[in-house]
Every structure is written in structure tokens, then in C-alpha cells.
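could you work out the structure for the sequence below:
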Amino acid sequence: MASDNLITSGMTGLEEVAHDILSMRTLFVNVIFIGEPGSRKWVLVDTGMAKFTDHIVEVAAERFTGPPSAIILTHGHFDHVGTVIELEQFWGVPVYAHSQEIPYLTGLKDYPPADPTVGGGIMARLSFAYPNEAINLDDRIFSLPDDHSVPGAPGWKWVHTPGHTPGHISLFRDQDRILIAGDAIISVKQESLWSVLLQDKQLHGPPAYFTTDWQAAHRSVQQLRQLDPNIVVTGHGHCLTGEMLSESLRKLDHDFEETTVPDHGKYVD
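Residues are numbered from 1 along each chain as shown. I've put the predicted structure just below:
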């Protein structure tokens, strides 16, 4: 994995979201470290793009004093599970996801292919080449607890936010109203290469090319808005806070059908 360092050079960014939350960008998708610096008790949320295993391990080793208690997956798209098999094997820790996401993580079911005709922009047009095949974690993947607790992360709860995928989840901590949204909402226009390169900070719905249920996606946005988050960390882009976040969520919800749902496409009714 030594070549990973060459690949990750200039393609990662660290963002200290809170004293115990660190977001790290792997090319164009974020992984989240939850836990007090120097602690043995922490979890990793999502595992980013392939070829970033060494970099994730290095950041974890600098921040914590042991392996994570668990890896939590918001969903199983290729850019969120790119290093999960290698990390699970290296750390020997359990991986958790929503029960409806398990078939895509155990080799039983492939995701629907991307729709490159929606969203506009180069990232969307290239999406025909994005992998949609299932990975196989076999008996190393577990369903999240029915009580909505997050293994290894006291004070956090998981929220089912489908639409982008059937078993997509977000994480929320009531204490400080921090939301880890995965791809239910994102803070960059992921379909546009220019926006991705600039990391232009604006709230958007889920990446259009992989979203297959737009009604569920809107309900998930409404559910997240009802949580009234103070900080949101998304799967793509920088974190959003305060009034900018609340107003952006209100606008996204209110205008969802007009501005977010594509006019056409294979997954649009």
C-alpha cells in the first residue's frame, strides 16, 4: 500500500468539526473520525475512496491510541466503502450498516447503475463508469441495533434516511445537535467537476446520478430538517453551521421538487 501516499498527496483535507469530530476528504468524499483525541474509544464513519487506506490509518494513529471500536457505513456506494475491506482486515473490527443495506455489502445485490443523464456537469456525465457492484464483507458486517444506538459512539443515534439508497443512514447527537448526513444531503454540487474542485459550499440534495427514490429522498431531507441541526457534516463538501445551515435546509426542503428532483431520468417517475 506504499503507493497510496503518492495517490493521496494533495487529494485529502482535514476539517476539525468539533473537539471530537474530524472530517477527512479522500479525493472527493469524506470519512469521519468520532472520538476524543488520544482516546482508545472512537469510531470511523465511512471509508472513502479506494487507495486511501494508508492515509486513513496514519491519521487514525496520530489522533487515537488504538483501533476503532467499529466502522459505521452510511451506505455502500463505491466512494464510501473503498477501503472498508482493507481497514476491517487491518484493524479487525466489526462493520455496521442498516439492515436494508446489507445485501449490497455481502455480494447479494448490486446497486442500480448510475444515470449519467441527470444533474448536469462532468461528474454526472462520467457516472456511467462509476462502480455499482456489491462488495462482500461476508460475516464481518452487522446490522445496526434496532434501538438506533450507534455501536462504539455513546450519545449518537442513527436515523434511517433512504432515497439515495434503500438503507442509507445519517447520525445525530442530541447533545450538541451535530448531524453526520452521509449523502442524504451534501454541501457541494457533486454533479459538477468545477464545484467539486473548488469545494463550493452550498447545500444540495443527494448526488442525482445514484439517487433512485426521489420521494424518499425528499422525506429524508424533511426528517433531517426536523432535527434542527446546529452543525452538519456531509459525505461531500465542507461542514455547514448556524443560520446558513438552517436557512439552506429550509430552502432545500421547500424547493426540493423544483430544484433538486431531475426533470427526466431512469429513476424519475
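
what bits of the stretch 1-150 of the chain have low per-residue confidence?
Low-confidence segments of the stretch 1-150 of the chain, defined by pLDDT under 70: 1-12.

residues in a beta bridge with the residue nearest the centre of the chain, which ones?
The residue lying closest to the centre of the chain (C-alpha atoms, centre = their mean) is Gly182, at 3.0 Å. For Gly182, the beta-bridge partners are Thr234 (DSSP bridges).

my guess is it contacts Gly167. True?
No - at 10.8 Å, Gly182 does not count as touching Gly167 under the criterion of C-beta atoms under 8 Å. Every C-beta, even on glycine, is put in place using the N, C-alpha and C of the backbone.

common neighbours of those two, please.
Residues touching both Gly182 and Gly167 by C-beta atoms under 8 Å, 6 or more residues apart in numbering: His75.

report the buried residues of the helix or strand hosting Pro103.
Assigned by DSSP states H and E, Pro103 falls within helix 102-105. Across helix 102-105, burial judged by 16 or more other C-beta atoms under 10 Å covers 102-105.

residues making contact with it?
73, 76, 81, 95, 97, 108-111, 134-137, 141, 143, 165, 167.

those residues, buried ones only, as a ChimeraX selection?
Burial among the contacts of helix 102-105 is assessed by 16+ other C-beta under 10 Å; the matching ChimeraX selection reads:
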select :73,76,81,95,97,111,134,135,137,141,165,167
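
select from the contacts of helix 102-105 every entry located in strands.
Using DSSP state E, the subset of the contacts of helix 102-105 located in strands is 95, 97, 141, 143.

residues touching Val159, list them.
Counted by C-beta under 8 Å, 6+ apart, Val159 has contacts 148, 169-172, 223-224, 227.

which of those are buried?
By 16+ other C-beta under 10 Å, the contacts of Val159 give 169-172, 223-224, 227 as buried.

which of those residues sits closest to Ala50?
For these, the residue nearest Ala50 by C-beta to C-beta is Ile169; the value is 22.0 Å.

quick check: bridge partners of Val31?
On the basis of DSSP bridges, Val31 is bridged to Met24.

do you know how far it is from Ile85?
15 Å (C-beta to C-beta, to the nearest Å).

quick one, which of those two is more surrounded?
For Val31 versus Ile85, neighbours defined as other C-beta atoms under 10 Å are more numerous around Val31 (27 against 18).

helix, strand, or coil at Ile71?
strand (DSSP: H, G, I helix; E, B strand; the rest coil).

and the helix holding Pro103, how far out from the chain's middle?
Chain-centre distance of helix 102-105: 16 Å, with C-alpha atoms, centre = their mean, to the nearest Å.

alpha carbons of it, as PDB, please.
Extracted in PDB, the C-alpha atoms of helix 102-105 (Å, rounded to 0.1, in the frame of the first residue of the first chain):
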ATOM      1  CA  ILE A 102     -26.600  -5.400   4.000                       C
ATOM      2  CA  PRO A 103     -27.300  -7.200   0.600                       C
ATOM      3  CA  TYR A 104     -25.200  -4.600  -1.200                       C
ATOM      4  CA  LEU A 105     -22.300  -5.300   1.300                       C
END
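
need the next SSE after it, C-terminal direction.
Past helix 102-105, the next helix or strand by DSSP H and E is helix 122-125.

so which elements touch that next one?
helix 193-198 (3 or more C-beta pairs under 8 Å, 6 or more residues apart in numbering; DSSP states H and E).

which regions of the stretch 151-269 of the chain sit below the pLDDT cut-off?
For the stretch 151-269 of the chain (pLDDT under 70), the answer is 189-201.

need the strands for it, in chain order.
Secondary structure of the stretch 151-269 of the chain (DSSP state E, counting those that start in this stretch): strands at 156-160, 169-173, 178-182, 231-234, 240-241.

export these as a markdown table, with columns for distance to Pro116.
Listed next are these as a markdown table, based on distance: least, C-beta to C-beta, whole Å:
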| stretch | distance to Pro116 |
| --- | --- |
| strand 156-160 | 28 |
| strand 169-173 | 26 |
| strand 178-182 | 22 |
| strand 231-234 | 22 |
| strand 240-241 | 28 |
